[in-house]
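A.B. asks: Kindly return the folded structure for what I paste below:
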Amino acid sequence: MKTLPTQERALLKRQALLDAAVEEFSNTGFEVATAKSIAALAKVATGTFYQYFENKNDILRVLAANRFADLHAHVKTLELKLVDYQPNSTQESIQRVEDKFFDTLLFVYQFHAHDPELHQVLEQRRTIDPKLRVIMDDGEKVLHDRVLSFVKSFNLTNSEQVADNLFAMAEGVVHKLVFHTDLTNETGTAMTEQQIQLSLRVAAQMLASFFLDKPQSK
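C.D. replies: Purely as a prediction, here's the structure:
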């Protein structure tokens, strides 16, 4: 990746290219998109593209790195201390645990739903581009480690396995709601945003129930 420019005008041009790349990769497809088509969409010269990026693989890697930086900024360590839930916890403290899961699931859902096509491009290209795979693997490890930190706060003997499953279950719920566009409700029509949030709320309750039912290890 090339060095990030410092001048505001250059930063604006670079961001315009990044925005154009998202649109091109999502609508046209990675294989069809070119530096020239991305530059044209960004309303800059093709030469300007190469001032900031080596090629379309490079700009996709930057997009991946930026996406994970955004995720990491919003999905912080689940800062729930053991005092938030004790065997005789009130309904209010139990609700805090569920709300923490729901808020995280909702943000990750909305994040993926904003650019589902780009997410699919990234997943497909990570199997081909080793540098992109490292970026995505490292980004996911940060998220996984934050889940693990939360799990360890409950002093479970199998924290690693619980964190692995918790991460996979949360990812599965979000991916189903985002990428299974044929999802319908009981009337046979597409799920509304309210129904999607209800599904996420149920998922949050199920995920939280595992911890709320566990006695703390001494």
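A.B. asks: Counting by contacts, list what the helix or strand bottoming out on mean pLDDT in the chain packs against.
C.D. replies: None of the helices or strands of the chain scores lower by mean pLDDT, DSSP states H and E than helix 91-114, at a mean of 82. Contacts of helix 91-114 with other secondary structure elements, assessed using 3 or more CB pairs under 8 Å, 6 or more residues apart in numbering; DSSP states H and E, are made with helix 56-74, helix 159-179, helix 193-212. No exception for glycine: its C-beta is placed from N, CA and C like everyone else's.
A.B. asks: Return the residues in contact with residue 105.
C.D. replies: Residue 105 makes contacts with 170, 173-174, 200, 203-204, as judged by CB atoms under 8 Å, 6 or more residues apart in numbering.
A.B. asks: who touches stretch 107-116?
C.D. replies: 22, 26, 67, 70-71, 74-75, 119, 170, 174-175, 177-179, 196, 200.
A.B. asks: how about low-confidence regions in this structure?
C.D. replies: Applying pLDDT under 70 to the chain flags residues 77-94, 181-188, 212-218.
A.B. asks: 80 - rerun?
C.D. replies: Within the chain, the ranges that satisfy pLDDT under 80 run 1-2, 75-97, 153-156, 180-190, 210-218.
A.B. asks: Domain-wise, how is it divided?
C.D. replies: Taking automatic domain parsing as the reference, the chain has its domains at 1-54, 57-212.
A.B. asks: Turn the helices and strands packed on helix 91-114 into a markdown table, columns for distance to residue 7.
C.D. replies: Compiled in a markdown table, the helices and strands packed on helix 91-114 are given as follows (distance: least, CB to CB, whole Å):
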| stretch | distance to residue 7 |
| --- | --- |
| helix 56-74 | 18 |
| helix 159-179 | 37 |
| helix 193-212 | 40 |
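A.B. asks: Arrange the ones you listed in JSON lines, one row each, with distance to residue 127 and mean neighbour count as further columns.
C.D. replies: Listed next are the helices and strands packed on helix 91-114 as JSON lines, based on distance: least, CB to CB, whole Å; neighbours: other CB atoms under 10 Å:
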{"stretch": "helix 56-74", "distance to residue 127": "13", "mean neighbour count": "17"}
{"stretch": "helix 159-179", "distance to residue 127": "17", "mean neighbour count": "16"}
{"stretch": "helix 193-212", "distance to residue 127": "28", "mean neighbour count": "16"}
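A.B. asks: Let me know the closest of the contacts of residue 105 to residue 149.
C.D. replies: Distances from residue 149 to the contacts of residue 105, taken as CB to CB, are shortest for residue 170 (14.9 Å).
A.B. asks: check contacts around that closest one.
C.D. replies: Residues touching residue 170, when contacts are defined by CB under 8 Å, 6+ apart, comprise 104-105, 108, 147, 203, 207.
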